[in-house]
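S.K.: Just the structure for this:
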Amino acid sequence: MMLNPNRPRWRGVNHLALVTDDMDATVRFYAGVLGARLVATVGTPTFRHYFFEFGTNSTVAFFEYRDVAPDSFAKPAGIPVPEAAQFDHLSFDLADEEALLDLRERLKNANCEVTDVVDHGFIKSIYFTDPNGIALEASYWTVDPTGHAELSLEDRRLFGDPDPVPAVREIAAGGLQRVPATKLVDGFTKKAEDWVVRPQ
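M.R.: All right, here's what the predicted structure looks like:
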């Protein structure tokens, strides 16, 4: 079977979806400490899903599940651990609906299971997995909040959580009142040599 030789029109990673058990602290860290712009929120009776911009067409998103306390752990970067990481799925960014439908057809032609197009309001997506079982998504913004000079937290197309965490209300009122402090894990990076990679 021959696949279409034309490559998908990728624009980058739409969002990396991670999990938090404290969305308020997450907003305070990503917006307050890292300076990432909060560009969209979703709030339902069972979960929150917030998006932070890290450059044009690039966001990191977090889920906070209500009434479910996820098992979590911390580990130094680059050190393998047997526990599962706090990772939900990776979404790749596409240019438009035509590109999304083209990719869906490409996946189907390669005998890969893929969902129908799912309309999330400000993005439309398809879902599939890689051969390792990693959950993947491809999305395009129907209302693109990334890279814009002005963004209103009152825009209900993008900020749909009816009961946002206190940090979001503080951003809307002019700025965060506090940010969280963090610590390195297990003192792994106390010595500069820990980060040096030397050729063999």
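
S.K.: C-alpha coordinates for the helix or strand hosting residue 11, CSV please?
M.R.: Per DSSP states H and E: residue 11 is located in strand 10-19. Extracted C-alpha coordinates of strand 10-19, given in CSV (Å, rounded to 0.1, in the frame of the first residue of the first chain):
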residue,chain,number,x,y,z
TRP,A,10,2.5,20.4,10.4
ARG,A,11,2.9,23.7,12.2
GLY,A,12,4.4,22.3,15.4
VAL,A,13,3.1,20.8,18.7
ASN,A,14,-0.5,22.1,19.3
HIS,A,15,-0.3,21.2,23.0
LEU,A,16,1.4,18.8,25.4
ALA,A,17,-1.3,17.7,27.9
LEU,A,18,-0.1,17.0,31.4
VAL,A,19,-1.9,16.3,34.7
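
S.K.: Centre of the chain to the next helix or strand after it, how far?
M.R.: Later in the chain than strand 10-19, the nearest helix or strand by DSSP H and E is helix 23-27. Relative to its chain's centre, helix 23-27 lies at 14 Å (CA atoms, centre = their mean, to the nearest Å).

S.K.: what comes up buried for the one helix or strand residue 124 maps to?
M.R.: Element membership for residue 124 (DSSP H and E) is strand 123-129. Residues of strand 123-129 classed as buried: 123-128 (neighbour count, 16 or more other CB atoms under 10 Å). All C-beta atoms are positioned from the backbone trio N, CA, C, and that covers glycine.

S.K.: what's near enough to touch residue 117?
M.R.: 97, 100-101, 104, 124-126 (CB atoms under 8 Å, 6 or more residues apart in numbering).

S.K.: Please apply the same query to residue 89.
M.R.: Residue 89 touches 17, 127, 134-137, counting by CB under 8 Å, 6+ apart.

S.K.: Pairing partners for it in the sheet, please.
M.R.: residue 17 (DSSP bridges).

S.K.: okay, the angle between the top helix by length along the chain and strand 10-19?
M.R.: As assigned by DSSP state H, the longest helix anywhere in the chain is helix 97-109. Counting by axes from the mean of the first three to the mean of the last three CA atoms, to 10 degrees, helix 97-109 lies at 80 degrees to strand 10-19.
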